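**Student:** Give me the fold of what follows.
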Amino acid sequence: MGHHHHHSSSQVRGKNLLIAIILNIGITLAQIIGGFLSGSLALLSDALHNLSDVISLAISYVANKLAKRDASLKRTFGYKRAEIIAAFVNAATLIIIAVLLIIEAVERFRFPQEIDSGLVIWLSIVAILGNGFSVLLLKRDSKANMNMRSAYLHLITDFMASVAVLIGGLLMKFYQFYWVDSLLTLAIAIYLIIVGYDLLRTSTRVLMLFTPTDLALEEIAERITQLPAIRNVHHIHVWQLNEDETHLEAHIDFNNDIKLSQFDAILVDIEELVYHEFGINHVNIQPEFGKCDSKDLIVQD
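**Tutor:** Numbers count the residues shown, from 1 in each chain. The predicted model follows:
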């Protein structure tokens, strides 16, 4: 097996994620207390939103630490997929939260309640500052991998929800427009569903070992077959282990009954070709000569 190493996950700063978790725990506690004191369902629902995000951030933090562990005899890939699983869980919770917010918003449309808007305004400002700082902490890391991007998206939605609560608090204080809070909640929920679905779909593709969307198996096989010694490429699989590693395994028919040393030299050519042209950094080839097996590109195992 050949491989080119490139591990961006090791560069992700877990410390920033831990700071964001601590900040969000503080925000959640403040909103729960404030929600009960003011009688604000908006604050309590935002607190619930923040609490779910604290759990999601904690999952992301643990996954980030696990992903850096070394492989072992019992875990030959280590915990490299921990962050993909975390991204999947976080994306699923984003969608669930969105549905709960929509139900709550519809209920508030039907039965608007007068609340202590002053306390809502001050606590939403605290939440905006805390979430805004957390978003800035994770902005750079969000580009590194799916797990950190899911945590970043959770924090952005927290920030937006807090802004919505602030706007709602101001409109309730000065105009008694209690329905505005429900309208803004619906808008946030729709945004949650959009970003959550995209992340859920992406992480699901990786977990299901689907071929990356930007790679065409026919094109990869054709390019490998252009090497002089190779007759045919078949029984091919291409998948992502995580966001850093793309794997290729295939059976290759050779024109001649070559020596092992010749195969090693050709294997290096294949590794260089697929790495530079397709970004594939792990290659596992089964060499064949005159073997009677299926020569189809895709063979059901």
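
**Student:** Show me the helices in the protein, by range?
**Tutor:** In the chain, the segments counted as helices under DSSP state H are 14-38, 41-66, 82-110, 117-138, 146-175, 179-207, 217-225, 260-278.

**Student:** could you dump those to a markdown table with mean neighbour count, mean pLDDT and distance to residue 292?
**Tutor:** Any C-beta I mention is one placed from the backbone N, CA and C, and that applies to glycine too. Shown next, in a markdown table, are the helices of the chain (neighbours: other Cβ atoms under 10 Å; pLDDT from 0 to 100; distance: least, Cβ to Cβ, whole Å):
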| stretch | mean neighbour count | mean pLDDT | distance to residue 292 |
| --- | --- | --- | --- |
| helix 14-38 | 19 | 88 | 52 |
| helix 41-66 | 22 | 79 | 44 |
| helix 82-110 | 20 | 86 | 38 |
| helix 117-138 | 20 | 91 | 55 |
| helix 146-175 | 23 | 86 | 42 |
| helix 179-207 | 19 | 85 | 34 |
| helix 217-225 | 16 | 96 | 19 |
| helix 260-278 | 15 | 96 | 20 |
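
**Student:** now the ones you listed in JSON lines, with distance to residue 252?
**Tutor:** Compiled in JSON lines, those are given as follows (distance: least, Cβ to Cβ, whole Å):
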{"stretch": "helix 14-38", "distance to residue 252": "41"}
{"stretch": "helix 41-66", "distance to residue 252": "35"}
{"stretch": "helix 82-110", "distance to residue 252": "29"}
{"stretch": "helix 117-138", "distance to residue 252": "43"}
{"stretch": "helix 146-175", "distance to residue 252": "32"}
{"stretch": "helix 179-207", "distance to residue 252": "26"}
{"stretch": "helix 217-225", "distance to residue 252": "7"}
{"stretch": "helix 260-278", "distance to residue 252": "8"}
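
**Student:** Pop the domain breakdown of the chain in here.
**Tutor:** For the chain, the structural domains run 2-207, 217-288, going by automatic domain parsing.

**Student:** gap between the two ends of the last one?
**Tutor:** This points to domain 217-288. Here the two ends of domain 217-288 are set 20 Å apart, with distance taken as Cα to Cα, to the nearest Å.

**Student:** List the contacts of the nearest residue to residue 154 once chain neighbours are set aside.
**Tutor:** Spatially, and ignoring its direct neighbours in sequence, residue 154 is nearest to residue 53 (4.4 Å; Cβ to Cβ, 6 or more residues apart in numbering). Residues counted as contacts of residue 53 (Cβ atoms under 8 Å, 6 or more residues apart in numbering) are 24, 154, 155, 157, 158.

**Student:** quick check, nearest of the residues you listed to residue 206?
**Tutor:** residue 154 (19.2 Å; Cβ to Cβ).

**Student:** check contacts around the closest one.
**Tutor:** The contact partners of residue 154, by Cβ under 8 Å, 6+ apart, come to 53, 56, 57, 90, 94.

**Student:** a markdown table for those, including distance to residue 143?
**Tutor:** Shown next, in a markdown table, are these (distance: Cβ to Cβ, whole Å):
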| residue | distance to residue 143 |
| --- | --- |
| 53 | 20 |
| 56 | 19 |
| 57 | 17 |
| 90 | 16 |
| 94 | 19 |
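
**Student:** among the residues you listed, which two are most distant?
**Tutor:** For those, the maximum inter-member distance is 12.5 Å, found between 57 and 94 (Cβ to Cβ).

**Student:** Give me the contact list for stretch 21-33.
**Tutor:** Counting contacts by Cβ under 8 Å, 6+ apart, the residues outside stretch 21-33 that touch it are 43-44, 46-47, 50-51, 53-54, 57-58, 61, 123, 126-127, 130-131, 133-134, 155, 158.

**Student:** try 10 Å
**Tutor:** Stretch 21-33 is contacted from outside by 40, 42-58, 60-61, 119-120, 122-124, 126-131, 133-134, 137, 151, 154-155, 158, 162, 165, using Cβ atoms under 10 Å, 6 or more residues apart in numbering.

**Student:** Any idea which residue is closest to the centre of this structure?
**Tutor:** In the chain, the residue lying closest to the centroid (Cα atoms, centre = their mean) is residue 146, at 3.0 Å.

**Student:** from the contacts of residue 154, which is closest to residue 266?
**Tutor:** residue 90 (42.9 Å).

**Student:** Give me the distance between the closest residue to that closest one other than its chain neighbours and residue 94.
**Tutor:** Of all residues not flanking residue 90 in the chain, residue 150 sits nearest, at 3.7 Å (Cβ to Cβ, 6+ apart). Separation of residue 150 from residue 94 (Cβ to Cβ, to the nearest Å): 8 Å.

**Student:** Give the full set of residues in contact with the spatially closest residue to residue 43 that is not a sequence neighbour.
**Tutor:** Excluding its sequence neighbours, the residue lying closest to residue 43 (Cβ to Cβ, 6+ apart) is residue 35, at 3.7 Å. Taking Cβ under 10 Å, 6+ apart as the criterion, residue 35 is in contact with 41, 42, 43, 44, 45, 46, 47, 48, 115, 119, 120, 123.
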